[in-house]
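Engineer: let's see this in three dimensions:
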Amino acid sequence: MEFNDHLELPEGDFIPGIYNYCNRWCERCIYTDRCRTFASEKIFTREFEAIKRREKSMEENKDFWDQVNKTIEEAAELIDEEVPLLKNDESPLFGQWEDDEDAEEAMKEHEEKRAKAKDQDMSKVALKYEKAVHKWFEERKDILKQEYNPDTEDFDLSYPGIIDELELKQLTESVEVIQWYHIQIWIKINRALTSSYEEEEDSDLFDGFPKDSDGSAMVAINGIDSSIGAWGYLRGKLLSEIETIKPMIRMLLWLKMEVEKEFPNAKDFEWPPKLEDE
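Structural biologist: Next up, the predicted model:
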């Protein structure tokens with residue numbers, strides 16, 4: 001599958017960098033009309049659908065394309081040189097480091113900071129929570145059933161004893177929230193910690209700019225808060241699961257406390273930023 005190298009660029013009244021600290025849940029975002037990433041993805045989707053249509057046309061002319069492929073294979077046998085590795089590629093598309101040693105050292109230092117972040121208690125608990133959520137749903141997949149609804153292009157959830165449509169809808173939304181954030185929380189906590197080490201090391205470089213550590217921590221806290229609410233709803237409806245849900249909420253409350261303590265300014269991080277004319 002090949003994509004057009006010259007995709008059209010989206011135009012609009014976009015908020016610069018609004019996508020930097022989002023939760024990637026575009027369906028529930030009120031700022032999609034001002035997000036360049038969302039607009040770009042719509043263009044990409046159109047291109048992808050066009051490619052699929054072309055591929056279908058290709059399949060309808062399979063004999064012709066089989067012959068083309070055979071010709072390509074024969075031509076490949078004439079090539080006696082290896083394709084250059086990207087590292088040695090002179091193409092300006094990729095750019096080059098002026099000093100490979102400096103680049104390698106910078107990458108090494110960044111990886112060390114990431115490793116340090118993963119070794120922190122809040123990161124370990126976030127990962128423990130992620131695995132616990134996955135296990136919880138896996139063990140209940142036969143009773144807490146999620147089935148795809150082609151009419152709504154969404155998933156409907158069913159649970160023994162619950163037949164009220166509104167309750168099932170709220171149950172479905174709660175499950176969606178939990179499953180959406182359970183991995184993202186760990187990722188954002190790690191990013192917040194890693195960024196805090198970089199900001200501390202090069203404080204002058206980041207002076208005057210919003211801290212990425214605070215922005216990432218803000219996204220993590222929002223995900224934690226939403227997850228606590230969602231688990232709380234499940235706990236009130238799935239009475240047989242009260243004791244199994246309690247550890248989930250306990251981990252989230254601990255994470256919220258620790259993240260807010262480590263990043264006290266995260267709650268004041270304003271995103272999206274207010275524009276001067278607003």
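
Engineer: use CA for all of it now, contacts and neighbours both
Structural biologist: OK.

Engineer: what's the longest helix in this protein?
Structural biologist: With secondary structure taken from DSSP state H, the chain has its longest helix at helix 165-201.

Engineer: packing partners for it?
Structural biologist: helix 100-118, helix 121-139, strand 154-158, helix 212-237 (3 or more Cα pairs under 8 Å, 6 or more residues apart in numbering; DSSP states H and E).

Engineer: go again using 6 Å as the cut-off
Structural biologist: helix 100-118, helix 121-139, helix 212-237 (3 or more Cα pairs under 6 Å, 6 or more residues apart in numbering; DSSP states H and E).

Engineer: give the buried residues for the last one.
Structural biologist: Residues 212-224, 226-228, 230-232, 234-235 are the ones in helix 212-237 that count as buried (16 or more other Cα atoms under 10 Å).

Engineer: do the same with the first one
Structural biologist: Within helix 100-118, the residues that count as buried by 16+ other Cα under 10 Å are His110, Lys113, Arg114, Ala117, Lys118.

Engineer: of all the helices and strands packed on helix 165-201, which one is nearest Ile15?
Structural biologist: Nearest of the helices and strands packed on helix 165-201 to Ile15, taken as Cα to Cα: helix 212-237 at 15.9 Å.

Engineer: export the helix or strand just after the closest one as PDB, just CAs?
Structural biologist: Where DSSP states H and E defines the elements, the next helix or strand beyond helix 212-237 is helix 242-262. Extracted in PDB, the C-alpha atoms of helix 242-262 (Å, rounded to 0.1, in the frame of the first residue of the first chain):
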ATOM      1  CA  ILE A 242     -17.600  -4.800  44.900                       C
ATOM      2  CA  GLU A 243     -14.500  -6.400  46.500                       C
ATOM      3  CA  THR A 244     -12.700  -6.900  43.200                       C
ATOM      4  CA  ILE A 245     -13.200  -3.300  42.200                       C
ATOM      5  CA  LYS A 246     -12.100  -1.900  45.500                       C
ATOM      6  CA  PRO A 247      -8.300  -2.500  44.800                       C
ATOM      7  CA  MET A 248      -8.600  -0.700  41.400                       C
ATOM      8  CA  ILE A 249     -10.000   2.400  43.100                       C
ATOM      9  CA  ARG A 250      -7.400   2.200  45.800                       C
ATOM     10  CA  MET A 251      -4.600   2.100  43.300                       C
ATOM     11  CA  LEU A 252      -6.100   5.100  41.400                       C
ATOM     12  CA  LEU A 253      -6.500   7.200  44.500                       C
ATOM     13  CA  TRP A 254      -2.900   6.500  45.500                       C
ATOM     14  CA  LEU A 255      -1.700   7.400  42.100                       C
ATOM     15  CA  LYS A 256      -3.700  10.700  42.100                       C
ATOM     16  CA  MET A 257      -2.200  11.600  45.500                       C
ATOM     17  CA  GLU A 258       1.300  10.800  44.400                       C
ATOM     18  CA  VAL A 259       1.100  12.500  41.000                       C
ATOM     19  CA  GLU A 260      -0.400  15.700  42.500                       C
ATOM     20  CA  LYS A 261       2.300  15.700  45.100                       C
ATOM     21  CA  GLU A 262       5.100  15.200  42.600                       C
END
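
Engineer: just want the angle from helix 242-262 to helix 212-237.
Structural biologist: 160 degrees (axes from the mean of the first three to the mean of the last three Cα atoms, to 10 degrees).

Engineer: mean confidence score for helix 242-262?
Structural biologist: For helix 242-262, mean pLDDT is 95.

Engineer: ditto for stretch 136-156
Structural biologist: 83.

Engineer: and what of stretch 118-131?
Structural biologist: 94.

Engineer: buried residues, it. List them.
Structural biologist: Lys118, Met122, Ser123, Val125, Ala126, Leu127, Tyr129, Glu130.
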